[in-house]
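>>> Sequence plus the predicted model coming up.
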Amino acid sequence: MTMMDKRTSDSTAEHVHPLKLLTPAQFAALGGSAVAYVKPVSGHVLSSMISDAEFDAAEEYQLVMSADGTPLMVADTADAVTEWLGDKSLGLATLH
């Protein structure tokens with residue numbers, strides 16, 4: 001391995017966020033019910049997940065999920081999510 005190859009491989013390894021290396025079970029155990037994430041999803045996807053509610057298939061919604069994958073809340077705007085999270089004691093993880 002040349003010096004340039006080593007520098008490139010070291011650089012790449014340094015930029016991988018450790019949370020991206022966790023399995024779903026490890027991520028859930030990390031935060032349990034104290035960590036949540038927000039994921040934009042289409043109404044079409046939500047309709048398949050939640051059968052007793054109606055969603056516009058073409059609209060994009062904000063789905064708040066706990067670290068263990070439990071859906072917590074659906075909103076039509078990011079502002080609504082921010083407002084809802086305001087009085088909750090949840091840490092918000094960022095998805096990339």
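Perfect, thanks for sending it. Numbering: from 1, shown residues only.
>>> From Thr23, how far off is His17?
From His17 across to Thr23, the span is 15 Å (CB to CB, to the nearest Å). Where you see a C-beta, it was placed from the backbone N, CA and C, and this is true even at glycine.
>>> which stretches of the chain form helices?
Per DSSP state H, the chain carries helices over the ranges 3-14, 24-31, 43-49, 78-85.
>>> weakest of the ones you listed by average pLDDT?
Per-stretch mean pLDDT for the helices of the chain is lowest at helix 3-14 (a mean of 53).
>>> For the most centrally placed residue in the chain, name its beta-bridge partners.
Central residue check for the chain by CA atoms, centre = their mean: the C-alpha nearest the mean position is that of Tyr37, 3.8 Å away. Applying DSSP bridges to Tyr37 gives these bridge partners: Met65, Ala93.
>>> Might one say that it is in contact with Asp68?
No - checked against CB atoms under 8 Å, the pair Tyr37 and Asp68 is beyond contact range at 11.0 Å.
>>> separation between Asp76 and Ala57?
14 Å.
>>> between those two, which one's more packed in?
Counted by other CB atoms under 10 Å, Asp76 and Ala57 do not tie: Asp76 has more neighbours, with 14 against 11.
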